[in-house]
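Asker: structural data only, the sequence is not supplied:
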């Protein structure tokens, strides 16, 4: 296998899935050329004049869309672990005798474990997406025929926009749709809030199929997905379970150590001066991030400070900020609970966004770099402030990247993490997999102390005199190693067998994942 | 000049502005190939991280956008005759010494007469757009260096989408914008309602400049124009006068003959059975169309019938329908008065649309063909039901097409016109310029009677027994010629000198306009 060392110091093969790879060159260094991808020019004369694109079945729609072996099929993940479409879709594709497809979801979840049988049988050749849980494990063990390619939310938009990934058929689960294909996630029994992850699919796929369990008369308002991009509409009885959107991460932590991390993070934002009138922040939906929002909210109320906007993934905690007048807007990329869905439906200041507006690095700017502070997690962080979100120290690929890489461009990126998990250090000498370069990570907050990236002299200065326990990241690492009995063991990996590649936001490759033995 | 006769029976030259032309082939006959146009791939690394794209002047923005001789510059016409940007823009371009530009507005109005000096001096080579008033006259007299190309609203979107017209620099007047370039027409002292005509410019132009007189902090919500498409933002003191949007056409008629036409039209829609629960219609903003809405409203109330949607150009008459619960939605392409602007801002059921959703013929369907009835005007209609909206019988090009061609695809297209104007017949043997083919025009309503296109046997049947004065179109023509003392004189035109081309919605050429002697 030929390859070279990239600007993050990681070895990158010449090819992934048989296609040439551009090694990571540093933040903002790679300059793209050429023009965006573009779907075929079509004519209204080939579509029903009365706007009724409804077909009797998903199979009929796939057939009319011209499905063939080797095609790329995309879906979205707004239902997260409650998605009911993708498994059904690939069961249908299998029944049609189609092989060697590439699945390009915006993320995959444990509920998608049944896709493994289609990977085994050759219906799906490989998956390019975040691989949460069983599919990640399957990939890690070297069982997938092709190689996984993990992209951030923005990276996924970019890849389709730039023509790097050509989507042949997009299949979009829509909680409400009309026969023309206008669709939204706001209403219907399966309401999931918004459909922003599917925007790029609707814009760039050759063929677009809307699948809904709530067909209403034209016009479906608002049209988060434009029917003018849609070829066919199919109704099924059930597209997803919004209750399972909440699964996994979106519960506030009860761990005293993690509550302390959350409090430190909120205090950091207050004491560094970031928390001021008109400021903005983004916090994920992990237990620490949710607790952080609770602490920060109290500080904001005490100081009578109002944010201009907060970024979602929205939860009831963000919705409370909006409802209590502590922010002008929520700019939301995915609703993480039912309160978020309701708020987006009812409150015009709870605004749906997409990876195009928020994250696409090959755009004329995006929202992520305008955010004053982003509070994120990580599986590992090293003393160079490089961080990992996809693999564990044992090398297993078990998590997706979401918008994590994209959010690193905030004005102050804070990784709020426990210093160890299951007696394995999170702060390490070198991360197993680099997902984000240290130069973009400004602060690491752990229960053992707060490490400010030495590049951020302004933050070091701002925190002078604070009672917050700031210290060098190396000191935290030493502390943790003492507690855990040393650094984590290196993964048992077959370095000749690359099972997945980690893309940077600009489409270059920042690292790879090896087969775990 | 070489050319050929097209499917509408009109002679079409081989080239317009030196570029090969596809003659009109019939409705739905021309099948496009290839892929859509696409702007260059860019990188966030070349845009300000803090999202602030504000530049000190329009000239600076044009300079940074790389303006050069021969470029295509676009603007929108949501201010109609109140636009203050285009003249200023071309004054600036002139001052910069740039020559031979192509102006690609979504329409031009009498307020743009000052552009004539830039046509004279060579700053503007020619205009491709609707030419209302003085610019149309200038073109008709053969004074423009290049040839005019008139496209419908949908055709303009299509031409940019298909790559037929490459927009180098789009300059978008925005009543409200933020420094990132998010913009809307809803708020600010110059609120004009929506910015739908500028959507295609934002999507397909190489460079996009937002010009606003109301800069607000990020985020400008809603973003009718996405800042992610925008390169630069410029503030000036005044972009347009919304009071002049009302200019021209948007007053209800007081003429008894025209009120009769309006009443006939409303009765036709009632008695033909089109007016039923859940129906839809579109009416323009001319005096007859406005009166028609008043009559139809009364019929709807009497019969307790509610529309699913009505299409704007919105006026206070449509807004009343919405406010009184007589329609679920207004799907609006341009606000024609201040009531329309306020309603769009305040009422979520007053929905902004764009030529992409409504009219683009090279899309996967559009809204126009779903409308049950469209009530439109014309300058001339012939006994084959062909109609003209751009020239007068003397050959002078004085009007734009707006969405007229696009709307012909409605399920029942009604031209509601006086049978003569200024003692010149409107119903003629052959229209001076064909803008729409007779096969798409279902009904002609005049004060002298109603002519149903013989192709529409269903409508003829539905009206049997009605007291409405239906009659053959030839009979109306005879009546009118008796009143006016014969058919109109043919235009005095130089048939060797084509001054403008009329495109059909699919990009083929349906007719040309000759120099008037």
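Answerer: Arrived safely, thanks for sending. Bear in mind that the values here come from a model prediction, so they are computed numbers and not experimental data.
Asker: give me phi/psi at residue A:269?
Answerer: With angles defined as degrees, to the nearest 10, residue A:269 sits at phi -70, psi -30.
Asker: next, count neighbours for it.
Answerer: The local packing of residue A:269 (other C-beta atoms under 10 Å in any protein chain shown) involves 25 other residues. All C-beta atoms are positioned from the backbone trio N, CA, C, and that covers glycine.
Asker: before we move on, what about residue A:472?
Answerer: As a burial measure, residue A:472 scores 13 neighbours (other C-beta under 10 Å).
Asker: which residues are in contact with stretch A:442-461?
Answerer: Outside stretch A:442-461, the residues within contact range by C-beta atoms under 8 Å, 6 or more residues apart in numbering or on different chains are A:257-258, A:260-261, A:264-265, A:268, A:272, A:381, A:385, A:412-419, A:426-427, A:438-439, A:441, A:463, A:468-473, A:475-476, A:479-480.
Asker: run the last query once more with 7 Å
Answerer: Applying C-beta atoms under 7 Å, 6 or more residues apart in numbering or on different chains, the external contacts of stretch A:442-461 come out as A:257, A:260-261, A:264-265, A:268, A:272, A:381, A:385, A:412-419, A:427, A:438-439, A:441, A:463, A:468-473, A:475-476, A:479-480.
Asker: gap between stretch A:505-517 and the chain center?
Answerer: The chain centroid and the centroid of stretch A:505-517 are separated by 16 Å, computed with C-alpha atoms, centre = their mean, to the nearest Å.
Asker: got the end-to-end distance for stretch A:147-156?
Answerer: Taking C-alpha to C-alpha, to the nearest Å, stretch A:147-156 runs 16 Å from one end to the other.
Asker: are that stretch and chain B in contact anywhere?
Answerer: No: residues of stretch A:147-156 are not located near chain B by C-beta under 7 Å from any C-beta of the partner chain, the shortest gap being 9.2 Å.
Asker: report the buried residues of that stretch.
Answerer: The neighbour-count check on stretch A:147-156 (16 or more other C-beta atoms under 10 Å in any protein chain shown) flags A:147, A:148, A:149, A:150, A:151, A:152, A:153, A:154, A:155, A:156 as buried.
Asker: chain B contacts on the stretch 151-300 of chain A?
Answerer: Selection of the stretch 151-300 of chain A residues close to chain B by C-beta under 7 Å from any C-beta yields A:162, A:180, A:217-219, A:221, A:226-231, A:278.
Asker: buried ones among the residues you listed?
Answerer: Of the members of these, the ones counted as buried by neighbours, 16+ other C-beta under 10 Å, are A:162, A:180, A:218, A:219, A:221, A:226, A:227, A:228, A:229, A:230, A:231.
Asker: against chain B, how distant is residue A:38?
Answerer: Computed with C-beta to the nearest C-beta, to the nearest Å, the distance linking residue A:38 and chain B is 4 Å.
Asker: so that residue sits against residue B:34, correct?
Answerer: No: because the distance of 9.1 Å does not satisfy C-beta atoms under 7 Å, residue A:38 is recorded as not touching residue B:34.
Asker: between those two, tell me which one has more neighbours.
Answerer: Comparing residue A:38 with residue B:34 by neighbour count (other C-beta under 10 Å), the higher total belongs to residue A:38, at 20 against 10.
Asker: so who does the more buried one touch?
Answerer: With contacts taken as C-beta under 7 Å, 6+ apart, residue A:38 has the following neighbours: B:35, B:36, B:37, B:38.
Asker: again, 8 Å this time
Answerer: A:204, B:35, B:36, B:37, B:38.
Asker: go through whichever helix or strand residue A:289 is part of and flag the buried ones.
Answerer: For residue A:289, the enclosing helix or strand under DSSP states H and E is helix A:287-303. Of the residues in helix A:287-303, those buried by neighbour count under the rule 16+ other C-beta under 10 Å are A:287, A:288, A:289, A:290, A:291, A:292, A:293, A:295, A:296, A:297, A:299, A:300.
Asker: please apply the same query to stretch A:66-77.
Answerer: Neighbour-count burial for stretch A:66-77, counted by 16+ other C-beta under 10 Å, picks out A:67, A:71, A:72, A:73, A:74, A:75, A:76, A:77.
Asker: cool, and stretch A:495-512?
Answerer: Applying a neighbour-count criterion of 16+ other C-beta under 10 Å, the buried positions in stretch A:495-512 are A:498-512.
Asker: stretch A:209-219 now?
Answerer: Across stretch A:209-219, burial judged by 16+ other C-beta under 10 Å covers A:209, A:210, A:211, A:212, A:213, A:214, A:215, A:218, A:219.
Asker: as TSV, those with pLDDT would be great.
Answerer: What follows is the buried residues of stretch A:209-219, written out as TSV (pLDDT from 0 to 100):
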residue	pLDDT
A:209	98
A:210	98
A:211	98
A:212	98
A:213	98
A:214	98
A:215	98
A:218	98
A:219	98
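Asker: mind checking which of those land in strands?
Answerer: Judged by DSSP state E, strands contain the following of the buried residues of stretch A:209-219: A:209, A:210, A:211, A:212.
Asker: bridging residues for the last one?
Answerer: Listed beta-bridge partners, residue A:212: residue A:174, residue A:235 (assigned using DSSP bridges).
Asker: mind giving me the domain ranges of chain A?
Answerer: Structural domains assigned to chain A are A:50-128+A:165-246, A:256-493, following automatic domain parsing.
Asker: residue B:126 is nearest to which of those domains?
Answerer: With respect to residue B:126, and counting by C-beta to C-beta, the nearest of these is domain A:256-493 at 29.3 Å.
Asker: which residues of the stretch 1-150 of chain A lie near chain B?
Answerer: A:27-51, A:53 (C-beta under 8 Å from any C-beta of the partner chain).
Asker: picking up where we left off before, looking at the buried residues of helix A:287-303, which has the smallest pLDDT value?
Answerer: Across the buried residues of helix A:287-303, no position has a lower pLDDT than residue A:287, which has 88.
Asker: so residue A:325, which state does it fall into?
Answerer: Residue A:325 carries the three-state label coil when classified by DSSP: H, G, I helix; E, B strand; the rest coil.
Asker: list the beta-bridge partners for the closest residue to residue A:146 other than its chain neighbours.
Answerer: Leaving aside its chain neighbours, residue A:146 sits nearest to residue A:126 (2.8 Å; criterion: C-beta to C-beta, 6 or more residues apart in numbering or on different chains). Listed by DSSP bridges, the beta-bridge partners for residue A:126 are residue A:102.
Asker: format the buried residues of stretch A:66-77 as JSON lines; extra columns: distance to residue B:172 and pLDDT.
Answerer: Supplementary listing: those in JSON lines, determined by distance: C-beta to C-beta, whole Å; pLDDT from 0 to 100:
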{"residue": "A:67", "distance to residue B:172": "40", "pLDDT": "98"}
{"residue": "A:71", "distance to residue B:172": "38", "pLDDT": "98"}
{"residue": "A:72", "distance to residue B:172": "35", "pLDDT": "98"}
{"residue": "A:73", "distance to residue B:172": "37", "pLDDT": "98"}
{"residue": "A:74", "distance to residue B:172": "31", "pLDDT": "98"}
{"residue": "A:75", "distance to residue B:172": "35", "pLDDT": "98"}
{"residue": "A:76", "distance to residue B:172": "30", "pLDDT": "98"}
{"residue": "A:77", "distance to residue B:172": "34", "pLDDT": "96"}
